[in-house]
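J.: heads up, no residue letters with this:
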């Protein structure tokens, strides 16, 4: 790009190359800013807090039993039927088809935050599956959990009742990136979310926006400002040429 200079009334020069470079930099920063709000990358469920594990409503000794998230090779042990195993593989391979592939519940607008994985409880000494895993409460790490995701839920498949269900977590801890969830019974589990919280009032949404500093709506204003700056630059160029 050639450097275009324009004499101003005081004999100084306006260097158009620098001005255009500045505009390009602002555009780059704007694009970088908007990328912050892209969908989070899907990850596996993190480590389970073994010290806060409840089975049949009772706290479990972590030296005796552990809850674990594992992949599909353990589904058969957990009595997940082959059709559901195949379905889980398809969803994990193509997360954008979540609502299309799983139709038992309304997953419209939901995205996977974690992969669907088997959640089961095992004996520490033998690693055998604990039978009759009911009335279970588990807390586990979700590495990509961020407070801009306001409508966080848990997707669960019950091997006892043979149905998918959407559960509301007992606790979503954004600071420690963890979720606490109660299950009537166990097996495949994933964390899901919507970009907007449709379950809260407008007043609650405004409060959350102030608390979390959600600046998503700033982006359009930045773009408008850049466009206005470009118009000003070319107005100055035209005026100087006419002078």
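T.: That came through fine. Everything quoted here is computed from the prediction, not taken from an experiment. Numbers count the residues shown, from 1 in each chain.
J.: Every contact and neighbour count from this point should use C-alpha atoms.
T.: Will do.
J.: Just the buried residues of stretch 171-187, please?
T.: 172-174, 177-183, 185-187 (16 or more other CA atoms under 10 Å).
J.: Quick check: end-to-end length of it?
T.: 20 Å (CA to CA, to the nearest Å).
J.: Contacts for it, please.
T.: 75, 78, 80, 117-120, 132-147, 152, 154, 156-160, 168-170 (CA atoms under 8 Å, 6 or more residues apart in numbering).
J.: cool, and stretch 140-150?
T.: Counting by CA under 8 Å, 6+ apart, 40-49, 113-114, 174, 176-180, 193-197, 212, 214 sit against stretch 140-150.
J.: Am I right that residue 114 is in contact with residue 42?
T.: Yes - the pair residue 114 and residue 42 passes the contact test of CA atoms under 8 Å, sitting 5.2 Å apart.
J.: which of these two has more neighbours?
T.: residue 114 (26 against 17; other CA atoms under 10 Å).
J.: What pLDDT does the model give the more buried one?
T.: Looking at residue 114, its pLDDT is 98.
J.: if I pick it, what's in contact with it?
T.: By CA under 8 Å, 6+ apart, the neighbours of residue 114 are 42-45, 142, 190-192.
J.: Cross these against helices and list the overlap.
T.: In helices, judged by DSSP state H, none of the contacts of residue 114 are found.
J.: Which one of these is nearest to residue 125?
T.: Among the contacts of residue 114, residue 45 lies closest to residue 125 (CA to CA), at 23.4 Å.
J.: isn't the closest one right next to residue 69, touching?
T.: Yes - the pair residue 45 / residue 69 is scored as a contact, 6.8 Å apart, by CA under 8 Å.
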